[in-house]
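Visitor: Sequence and predicted structure are below.
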Amino acid sequence: MSTVATQLSLAIEKHESGGLPEAERLYRQVIGQEPNQSDALNWLGVICGQTGRTDQAVQYLRKALKARPKSARARNDLADALRDSEKLDDTIEHYRVVVELHPQIAAVWCNLGAALRATGRLYNSSVGRYRGYEKHLGLLKEALGTA
């Protein structure tokens, strides 16, 4: 395993166990060695969001998404950070892409619905736009335990 991979693995381990300062230090080391390392950028963005630095979170998560444009995780984490920054139009745009990529993930549907509700557009835009998603409604109800 390469040094970068080892550092990244250790950083994720620290992050998951609540050692945010140490994890952040390790993510920054990885990025110092590989500036476009998408996992390190993504997880550093998540830490910034967890510690209330939403502007930095958005910055790192945008870089992570640029490094790996098809990453649903990076796009979802970016949408979460944008929501926390109260940039709801951007939030909705990114959640919609994640829903397109992974319609079976109920949490993303819930997040999209909450963002639409916060803008007052839940009923105005979602009904027409999501008319083709009726087949996924069963998945959502099943995930929520209301099927």
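Guide: Happy to help now that I have it. Residues are numbered from 1 along each chain as shown.

Visitor: which stretches of the chain have low pLDDT?
Guide: Residues of the chain that meet the criterion pLDDT under 70 lie in 1, 121-147.

Visitor: How is it divided into domains?
Guide: For the chain, automatic domain parsing gives the domain ranges 1-68, 87-147.

Visitor: winner for burial among those domains?
Guide: By mean neighbour count, with neighbours taken as mean count of other CB atoms under 10 Å, domain 1-68 ranks first of the domains of the chain at a mean of 18. Where you see a C-beta, it was placed from the backbone N, CA and C, and this is true even at glycine.

Visitor: can you give me the helices for this protein?
Guide: Secondary structure of the chain (DSSP state H): helices located at 3-16, 20-33, 38-50, 54-67, 72-84, 88-101, 106-119, 122-129, 134-144.

Visitor: Tell me what angle the first one forms with helix 20-33.
Guide: With axes from the mean of the first three to the mean of the last three CA atoms, to 10 degrees as the criterion, the two stretches helix 3-16 and helix 20-33 enclose an angle of 160 degrees.

Visitor: Give me the contacts around helix 3-16.
Guide: Applying CB atoms under 8 Å, 6 or more residues apart in numbering, the external contacts of helix 3-16 come out as 1, 20, 22-23, 26-27, 29-30, 33-34, 37, 39-40, 43, 46-47.
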